[in-house]
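Visitor: Predicted structure and sequence below. I'll ask about it afterward.
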Amino acid sequence: MPEAVGDIRPSPRRGDIRYVAKNMRLDLRLIAEMIPRGARVLDIGCGDGALLAHLTAEKGADARGIEIDMAAATQAVAAGLAVIQGDADNDLAVYPDGAFDFVVLSRTLQAVEKPREVLRQMLRIGHHAIVSFPNFGHWLVRWQLISTGRMPMTSTWHRAWYETPNIHPCTIRDFFDLCALDGYTVEQWLAVDEHGLKAPWRRSPRLANLFGEQALFQLRRG
Amino acid sequence: MPAPVAPFDQVDHQRAVFADGLALDCGTVLAPMAVAYRTYGRLNAARSNAVLVCHALTGDQYVAEPHPLTGRAGWWQTILGPGKPLDTDRYFIICANVLGGCMGSTGPREEMTDATGRGLGRPWGTDFPNVTIRDMVRAQKLLTDHLGISRLLGVVGGSMGGMQVLEWAATFPDAVYAAAPIATAAYHSAQNIAFHEVGRAAIHSDPDWNGGRYWADGRVPAKGLSVARMVAHITYLSEQALTRKFGRRLRGASAVTFLEDVFEVESYLRHQGSTFVQRFDANSYLTITRAMDYFDLAAEHGGNLAAAFRGTGSRFFVASFSSDWLFPTSESRAIVRALNAAAANVSFVEIASDKGHDAFLLEEPDFHRALGGFLAGCADRLGV
């Protein structure tokens, strides 16, 4: 098994729903830190299985994955990981309630068809959900929209509006609102910059919403 | 009028004979019962590296060696051997001829026995009882018990072999660590039953069929069996594969002459049909196609496929091929959904291929990497 942390990189064929992060390694490491030893984990949009490999090798987790891209899924399976080709919108409904301790959706929520339903499913089949997404409330995004009157193009939001797979962008405050609306408890949250480093706006969602490029949430039901 | 075709020769097969026999799903007890098999590689001291390969409708136990009748290479030689996905340096591979088959396991071509197990000096023929996929699996279980293997590292098979894999996982979950059902389905569809029925009708309408007692005349219903094979062979390929291999090309002519034109695809199918009758028994074909038609794993578990896998500790690898219309990807996805509903550990990939159902037998590097990686991962976990 490859040394997972050093081996994490975007899966080879993109063009699908997840965009390339410059520093996926730290992002996934932050998620891995939230998951206790021996947990049952489902990673939705697992790519070539870097997080799964890490959790299996380092934390003795029962880690499984879903990946929409067939080439990446095949690569993960060939590495001995329990990965199915499928997608968040269609393949969660069949799992039984409470099948996992943690269900992870990394940088994919903004690209699914029904984010609210996907979240609901995640918290039905898992006791905890870990969700990361790019923050559309970041100051640069706001500034570009105000100053140019056009859709923002940043290192995070770098695809033109007519071809972006990110059909449901949201801000950190929007996400807090949805959690309140659907009765989810935010167990942990943090804002991170594009390199996956924790940003120091832990106490203020308003500031985090302005300066955080990515958000990472851990939720539970009720 | 072509000369009648004689039955193919009896050859000696490696066999295990079970005097107590087997109680079949239909209620008949088949005793004694023989299971013909081949093995490749070495069983380790812990008896923990055994992988059972389940063959498809017209396959047999000669997976990776020349066939004793045809001399042709083994049917899964692409995937089985040293360093290959079914790595004989690491695993002990077993393949048994299915119950009802015609390569040495008890079947219509073998000598009929009475209730006391006494030989009657004639083959079973159409008197051979109806068998099911589960009967085939129970016969294989007797063999693996006989070989002293309490848990198989893996059970692997495509098409009807995949049905057996699913049945193994459902019936003997504790005896299967890793299950790899490939290009298969949890039940035989109406369309597939329909194609089988065309094949059976062709056999029944052959003048040499003789009500199934063709063995008494020393000839076989070769025309009917060959037509059955031709029809079935079309279902194993895809339109793209046929177009790529044959297109509209003619044999020995560049343009249609309206005389004795033979399209290459016709000539190919005729060849497939005529060689098949040299290695397969018509009554076996009827018995095994019926067993596939009967197969409905969900029905065995109250109509709920997930119930077949409830509480399973086995790990699963499900694979389908994009151009397979006989066992399409939707059937594999249904299996995956049922496994997920049972919270089973499952991997699934659909391999992009234009080779149709037959792709599982052919050189498909992505499939081989995925299956090999899955098995190796399971072997690593077991410390094999």
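Guide: Everything's here; your move.
Visitor: Contacts only, for the closest residue to chain A within the stretch 1-150 of chain B.
Guide: Closest residue of the stretch 1-150 of chain B to chain A, CB to the nearest CB: B:P85 (9.9 Å). Using the backbone N, CA and C atoms, a C-beta is placed for each residue, glycine as well. Counting by CB atoms under 8 Å, 6 or more residues apart in numbering or on different chains, B:P85 touches B:79, B:368-369, B:371-372, B:375.
Visitor: And what about the residue lying closest to it once chain neighbours are set aside, helix, strand or coil?
Guide: Spatial nearest neighbour of B:P85, excluding adjacent residues (CB to CB, 6 or more residues apart in numbering or on different chains): B:G372 at 3.3 Å. The three-state assignment at B:G372 reads helix, by DSSP: H, G, I helix; E, B strand; the rest coil.
Visitor: Distance-wise, check the residue nearest the centre of chain B relative to B:L371.
Guide: By CA atoms, centre = their mean, chain B has its centre lying nearest to B:A56, at 1.4 Å. Computed with CB to CB, to the nearest Å, the distance linking B:A56 and B:L371 is 16 Å.
Visitor: ditto for B:P68
Guide: B:P68 is 27 Å from B:L371, by CB to CB.
Visitor: between the two, which one's more packed in?
Guide: Per other CB atoms under 10 Å in any protein chain shown, whichever of B:P68 and B:L371 has more neighbours is B:L371, with 27 against 15.
Visitor: What's the nearest residue in chain B when you look at chain A?
Guide: Closest point on chain B to chain A, by CB to the nearest CB, is B:G377, at 2.3 Å.
Visitor: What residues of the helix or strand containing that residue count as buried?
Guide: Assigned by DSSP states H and E, B:G377 belongs to helix B:365-382. For helix B:365-382, the neighbour count (16 or more other CB atoms under 10 Å in any protein chain shown) marks B:366-379 as buried.
Visitor: Please enumerate the helices of the chain.
Guide: Because you didn't say which chain, this covers chain A. Assigned by DSSP state H, the helices in chain A fall at A:4-7, A:24-34, A:50-59, A:70-78, A:88-91, A:115-125, A:139-148, A:172-182, A:205-211.
Visitor: I was thinking of chain B, sorry if that wasn't clear
Guide: Counting by DSSP H, the helices of chain B are B:133-146, B:160-171, B:190-204, B:222-236, B:239-245, B:264-276, B:282-294, B:305-308, B:329-341, B:365-382.
Visitor: now the fourth one: mean pLDDT?
Guide: The one in question is helix B:222-236. Throughout helix B:222-236, pLDDT has a mean value of 98.
Visitor: Measure how that helix sits relative to helix B:190-204, angle-wise.
Guide: Angle between the axes of helix B:222-236 and helix B:190-204 is 160 degrees (criterion: axes from the mean of the first three to the mean of the last three CA atoms, to 10 degrees).
Visitor: Packing partners of the helix holding B:G377?
Guide: helix A:70-78, strand B:86-87, strand B:152-158, strand B:176-182, strand B:315-321, strand B:345-351 (3 or more CB pairs under 8 Å, 6 or more residues apart in numbering or on different chains; DSSP states H and E).
Visitor: Stretch A:74-93 and chain B, any residue contact?
Guide: Yes. Stretch A:74-93 lies within reach of chain B by CB under 8 Å from any CB of the partner chain, at A:74, A:77-86, A:91.
Visitor: The spatially closest residue to A:R37 that is not a sequence neighbour and A:E33: what is the separation?
Guide: Of all residues not flanking A:R37 in the chain, A:K59 sits nearest, at 4.9 Å (CB to CB, 6+ apart). Using CB to CB, we find A:K59 at a distance of 10 Å from A:E33.
Visitor: Close to chain A: what parts of chain B are there?
Guide: Residues of chain B lying close to chain A (CB under 8 Å from any CB) are B:315, B:317-318, B:336-338, B:340-343, B:345-352, B:366, B:369-370, B:372-374, B:376-378, B:380.
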